[in-house]
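*Asks:* Need coordinates for the below:
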Amino acid sequence: MILKFCAECGAALGEPPPCRCAACGREFWDNPKPCGGAFVAHEGRLLLVQRAHDPWAGHWDVPGGFSDGPEHPEATTVREVREETGLAVRITGLLGMWIDAYDATVSATLNICFHAVAGDPTVATAREETAAVRWFTADELVDVPLAFPDHMRAAVDRWRASPAAVPP
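*Replies:* Numbering: from 1, shown residues only. Now for the predicted structure:
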């Protein structure tokens with residue numbers, strides 16, 4: 001989000017963050033918002049959700065989302081998977097972290113992606129934020145139209161090279 005006015009005194013900032021208000025001295029920063037995402041694997045397949053809303057409506061993504069206040073990204077990931085698919089998951093490791101842009105209101109996100117397994121992978125269903133859910137093999141992931149391609153393609157490729165992508 002690009003701030004134009006000081007949230008403290010209302011004066012025009014004159015430049016995007018990072019900056020300081022000339023009128024009152026308050027500092028503004030453009031820090032990335034933390035997000036958690038789950039690479040839920042089952043028998044060498046990865047669970048993706050098809051986004052029902054913009055940004056990137058109709059594209060495939062891992063279940064995940066923004067951390068709420070002081071919520072740890074691992075807790076965010078577990079919560080978002082349940083909200084988007086109905087699955088209860090257990091985090092099994094860190095896949096990696098990527099910086100990306102979300103939309104015009106959130107200029108930068110810190111996407112923290114985790115390996116995860118589901119208690120019962122058969123109950124995955126689309127919910128309010130998702131148009132569909134589907135399990136993909138590592139080979140199928142090559143041509144899937146992904147949301148947030150500035151980081152998600154690299155994250156999916158890292159998952160494809162991991163032991164989780166190997167069928168039992």
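*Asks:* distance between the ends of stretch 14-29?
*Replies:* The first and last residues of stretch 14-29 sit 14 Å apart, counting by C-alpha to C-alpha, to the nearest Å.
*Asks:* no, scratch that, I was asking about stretch 11-24
*Replies:* Terminal-residue distance, stretch 11-24 (C-alpha to C-alpha): 8 Å.
*Asks:* strand partners of the top strand by length along the chain, parallel vs antiparallel please.
*Replies:* For the chain, the strand that runs over the most residues, judged by DSSP state E, is strand 89-100. As defined by DSSP bridges, the strand partners of strand 89-100 come to strand 109-118 (antiparallel).
*Asks:* Go ahead and produce PDB holding the CA coordinates of the strand it pairs with.
*Replies:* Taking C-alpha atoms only, strand 109-118 is exported to PDB below (Å, rounded to 0.1, in the frame of the first residue of the first chain):
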ATOM      1  CA  THR A 109       4.800 -10.300   1.200                       C
ATOM      2  CA  LEU A 110       7.200 -12.600   2.900                       C
ATOM      3  CA  ASN A 111       6.000 -16.000   1.900                       C
ATOM      4  CA  ILE A 112       7.100 -18.700   4.400                       C
ATOM      5  CA  CYS A 113       6.400 -22.100   2.900                       C
ATOM      6  CA  PHE A 114       6.200 -25.300   4.900                       C
ATOM      7  CA  HIS A 115       6.100 -29.000   4.100                       C
ATOM      8  CA  ALA A 116       3.000 -30.600   5.600                       C
ATOM      9  CA  VAL A 117       1.000 -33.800   5.800                       C
ATOM     10  CA  ALA A 118      -2.700 -34.200   6.300                       C
END
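*Asks:* And the helix or strand that it is followed by, what's buried?
*Replies:* Sequence order places strand 130-137 as the next helix or strand after strand 109-118, per DSSP states H and E. Buried residues in strand 130-137, counted by 16 or more other C-beta atoms under 10 Å: T130, V133, W135, F136. Every C-beta, even on glycine, is put in place using the N, C-alpha and C of the backbone.
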